[in-house]
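Participant: Give the three-dimensional model of this entry:
(chains A and B)
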Amino acid sequence: MQSQELNLQPEPGRKQASGTWWATLRLPLLALGGALALTTLVLLSSGVSPLQAYRILIFGAFSTPVRFSDMIMLAAPLLLCATGLTLTFSAGLYNLGVEGQLALGAVAAMLPLRLFPELPPALLWSLCFACAAAGGALWALLAAWLRLSAGVSEIFAGLGLNFLASGLALYLVLGPWRRSGSASMSGTELLPRELWLPTLGALRLAPLAPLLALLALALVWWAVRQTRWGLQLRAVGLNRVAADRLGVPAQRRIAEAMAGCGALAGMAGAIQVLGVFHQLIPNISSGVGLLGLLVALLVRADPRWVLPVAVVFASFTVGSVQLPLALGVDSSIAGVLQGALVLFALLARGLSRRVTG
Amino acid sequence: MEVAVHNLCKAFGAVRANDDLTLRFAAGQIHGVLGENGAGKSTLMKLIAGFLRPDGGSIRFDGREASLHGPGAALRAGVGMVHQDPLDLPAFTALENLLCAAPRGAIGSRAAGRQLLSELARRLGFTVEPDAPLASLTVGQRQQLEIIRLLACGARVLILDEPTTGITAAQTRALFAALRRLAAEGNTVLFVSHKLEEVAELCDTVCVLRAGRLVGEQLPMPVPQRRLLELMFGAAVAQPTAGGAGEVRITALRSEGGLPANAGEDGTPALPGLHGSPTTERIAGEAVWQLAGVSARAGSVALRDVSLSIAAGRIVGLAGLDGSGQPILLRLLTGRMRPETGHILVNGRALSGGGSRAYRAAGIEYLPADRLNEGMIGALSLTEHFALLQNAALVDQRAAERAARAAIADYAIKATPVTPIRALSGGNQQRALLALVPPDCRGIACEQPTRGLDVASAQAIWRRLLERRLAGCAIVFASADLDELIAYSDEVLVFFAGRVSAPLHRAELSVARLAELIGGVGFGGG
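Facilitator: Numbers count the residues shown, from 1 in each chain, chains lettered A, B, ... in the order given. Below is the predicted model:
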C-alpha cells in the first residue's frame, strides 16, 4: 500500500512532465469533496435542499443572458486582481493590500473623469485606466517601501493601507465629490451615459473589461513562465537570500511585483467605476480584492488555473444572488462554498506535504 | 537504562536511511556511533529520541518496547537528545529556558529551579549563569545548559549529535569529563561523531553505520583507527600507515583515487594541491582583494584595523573558533557587509561602499556554508539556476539545459538537469554550488566549503577549487578543520576574538602552531 502511494506521488521536479491524472487531480478532488461536504452540512442545517441550492449556485449565473453578463462583469475585475496576485505570490509576498489598491485605482480613475469630462470618451477611458493603474501601483509601492525600508510585513502594511484607501474613498464620496445637493453614502453622482464603457446591447456586459483582464492574464502568464524576470521573481519568492547571492536584484523584483499587482488591481478599480457602478461608491471594491486573494490562494499562483477558478467563483457569487428569492436562504452561502474550497485545498496540500515528508 | 533497537527501518522516499538495524547500547557506558555523511547516524538518533517515527522494527528501553509519539514522550521515558545546534529560546535566560521546558510539577519554584540548575552545573563542572540571557552564551554553554535541562527532566540516556562542533577545547574537555561522570553514575551516553580521535578517547564501544546498515558489529573500544576507517569507507580505503590521526586521514584522502598528479608519488603522505606543485608561485598575480585599515562589527565581535592583500591564484585559509570573526571578513570580502572604516579594493577598484551585487559584478563569488538556505534555491533545478544566470530578457531553455548537462558531467553531480536542488545530497549540492560559479570569476570566498561532506566529496570539492585557482582565481576559505587548512592554504590567517594574526605562510604551518594561535596564544595582551 505504502509503496503504491509513493509511486503515485509525482516527483517534485517532474510534475509537469509525467504523473498520472490521478496524481494531478487527487488534491483538487479531495478539496472539492471536503468543501461540498461542509457546505452541504450548512445547507442541511438551515433546512434547504442542497441539490436545489447547488443547482442555483452553479448554474444560476448561466441561466439568463442578464445573469451571465453580470457574471462576466464580476469575473473581469476578479481576474485582474487574481492575476496581479499571481505576481506577488510568485515573489513570495502576501499582498493583502489588494483591496486598497483597487479602491485607490477607482479613486484615481475618477480624477480624469472630473478634470476633463469633455475629452473624447476613448481618450478619457485610456486616461482613466492609466491613472487607475498608476494609483494602484503607487499604493502598492507604499506597502513595498514599508516592507523593504522599514521591515514592516506587507501583510500588515497592506491591511493598514486598505483602511486608509477606503477611508479616502468615503471622504471623497461624502466630502469634495459629493452629489450636488446632499451628501449620500450611496456614492458620487452617476457618470453621464456616454462615459459608461460600451456594452453589448441592453446587457451590462462591457466587452472591454473581460478583454483587458484576459490580456493582463496572458501577459503575466508569459512574463512569469517565459522571461528571466519571471524566473527571478520566483527565485526571490522561494529563497530571497540565495536569489540575491545568484545576482538577482531581489529588492527591485519585490517592488516590481507589488507595483504590477497594484496596477492590475487599480485597473480593476477603473472597471468598477466605468463599467459596473458608473460612480464612485464607498465600498467600490465590494470584496473583489479579497475574493481575488481566495482565487490566488486556491490556484497557488499558477496562471493556468486563474481563469477557470475566477470564472467559477464569480458564477457562485452571481448565482447565489437568486438564493434568497428561490429558497429563502442568504446569498452568503456562496462565500461559505468559496471559503471552504480554499480551506480544504490548503488542508489537502498540507496533508500531502506531510505524507511525502 | 539500556537502549536497544530491533530490525529498525526508516526510509525517506527511496532512500533507506536506516535499514534493518539491530543494536544494543548497554547502560553505564559511552557508545560511539560513527559513519560518513548520510550513513544514517542522525536518523537512528532521531528515531530513538522520538523526533522521527520508525517505518518498521522496535525500540526498547530496558527491554520494554517503547512507542514514541514525539521528543516529549521520549524524554518522559528517559531519553534526551542534544542537537548540533541547540534548540532553545535565545530571548530567555538560562533559568527561564530550564523552567519552561521542565515537565509540569517537576520544579516547584523559580528558586528551586535556580538551585537545581546551579547544583547540576556544579556536579558536571559546567559554567552556566542562571540569569544570563541565552543569546549572550556561546554554543558550548548553551549545549551545557541543554544537557542540564535534559537531566533535570529525568533523562537517563543522553544522545549527543556531533557535540564538539563549534565549542572550545576547554569546553570539549569539560563535556567529556561530564559525560564520563554521567556514564559512571549509570547513565547511557550515545555519542555521534565523525571525529575518530574523540571516539577513541571517550567511548567504551563503537558501531559504524554505512548506507543505513550496521557494518560488522558493535565493537568494544579500543579499535585501531585503521579498522574504523575500513569499516566507514570500505576495505579498499585505509592502507597501513605508520602515523597518527592526521596521517590516517591523509591516507584516506589519497586512496580515494583520482588525485592530481602531485599527490605523493614518492610515498610521502602528500596532499592534493600541495605546494610541491611548481605552478603555485607562477600563478600568484596581481591583488584581487586589498583591504586597508578595515574595521567592522557584527554582534559582539568586532574586527579592527585589518589590512591585507590577497593575490590572484592564492588560497588563504581562515582559522579560528566559531565566533572569532571569520564570517565578518568573508562578508566584508563579498560586499555582504560594509566596513565602518577603511577601504576595500577589488581588482584595484575601490568597492567599500558597494553592495553584494557590485562585488558580484566585479567577479567575486560567495559560497555560503548553508548551501540550501543561502546558496541555492531548493525548489528550483540546476537548469533553472543556470537560466537565472543568463543575461537576456527571455529564458533560453535549451542553453540553460545544456549548461546544466555540462555541469553535471564536469562536476560529476548525481542529478538530472530538472532535479530540484533540495533533492541532492550535501556533496552534490556543494558541487552544484561550485558549478554555478561563473568561469570568469576572480575571487571566491567560501565558508566551510567541505562542512558535512564525507572524505571523497570533500576531496572532489577541493579538486574543483584548485582548478579555479589554476585559472587565476583567489580563494579565501574559512574552515574549522586544521588538516584542511594546512593542506590547501598558501597562507592562513588565525582569528581570535576579533583579532587577526599576521599571515602564516605555508612553511610555518603546523597543527600545533595553529592550535596555539586559535587558542589565543601568541596574540599578546589586550
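Participant: elements contacting the host helix or strand of A:Thr39?
Facilitator: Following DSSP states H and E, one finds A:Thr39 within helix A:21-45. Applying 3 or more CB pairs under 8 Å, 6 or more residues apart in numbering or on different chains; DSSP states H and E, we find helix A:21-45 packed against helix A:2-8, helix A:50-59, helix A:333-356. Just so you know, the C-beta spots here come from the backbone N, C-alpha and C atoms, and that holds for glycine as well.
Participant: please redo it, this time with the cut-off set to 6 Å
Facilitator: Helix A:21-45 makes packing contacts with helix A:50-59, helix A:333-356 when contacts are defined by 3 or more CB pairs under 6 Å, 6 or more residues apart in numbering or on different chains; DSSP states H and E.
Participant: which residues of the stretch 151-300 of chain B fall in helices?
Facilitator: B:169-184, B:196-202, B:225-233, B:245-255, B:279-283 (DSSP state H, counting those that start in this stretch).
Participant: Quick one: mean pLDDT for the third one?
Facilitator: Spelled out, that is helix B:225-233. For helix B:225-233, the mean per-residue pLDDT is 72.
Participant: cool, the second one as well?
Facilitator: Helix B:196-202 comes out with an average pLDDT of 81.
Participant: Let me know the pLDDT of the residue nearest in space to the middle of chain B.
Facilitator: Geometric centre of chain B, nearest residue: B:Arg451, 4.0 Å, by CA atoms, centre = their mean. Listed pLDDT for B:Arg451 reads 78.
Participant: how about low-confidence regions in the stretch 401-526 of chain B?
Facilitator: Where the stretch 401-526 of chain B drops to pLDDT under 70, the residues are B:519-522, B:524-526.
Participant: Name the spans of the stretch 151-300 of chain B whose pLDDT lies under the cut-off.
Facilitator: Applying pLDDT under 70 to the stretch 151-300 of chain B flags the ranges B:165-166, B:194, B:233-284, B:299-300.
Participant: Name all residues that make contact with A:Val48.
Facilitator: Neighbouring residues of A:Val48 by CB atoms under 6 Å, 6 or more residues apart in numbering or on different chains: A:327, A:329.
Participant: so is it in a helix, a strand, or just coil?
Facilitator: coil (DSSP: H, G, I helix; E, B strand; the rest coil).
Participant: do the same with A:Arg204
Facilitator: Assignment for A:Arg204 (three-state DSSP): coil.
Participant: Same question for B:His6.
Facilitator: Relying on three-state DSSP, one would call B:His6 strand.
Participant: can you tell me how far it sits from chain A?
Facilitator: 20 Å (CB to the nearest CB, to the nearest Å).
Participant: and stretch B:365-384, average pLDDT?
Facilitator: The average pLDDT within stretch B:365-384 is 90.
Participant: so what's the nearest residue to A:Pro28 once chain neighbours are set aside scoring on pLDDT?
Facilitator: Nearest non-adjacent residue to A:Pro28, counting by CB to CB, 6 or more residues apart in numbering or on different chains: A:Ala345, 7.2 Å away. As predicted, A:Ala345 sits at a pLDDT of 86.
Participant: So A:Ala345 is in contact with A:Leu30, correct?
Facilitator: No - applying CB atoms under 6 Å as the test, A:Ala345 and A:Leu30 come out as separate, 8.7 Å apart.
Participant: Can you report how many residues neighbour residue 227?
Facilitator: Here I'm looking at chain A. Residues within reach of A:Thr227, counting by other CB atoms under 10 Å in any protein chain shown, total 15.
Participant: Can you look at chain B instead?
Facilitator: B:Arg227: 15 surrounding residues under other CB under 10 Å.
Participant: Many thanks, we can stop here.
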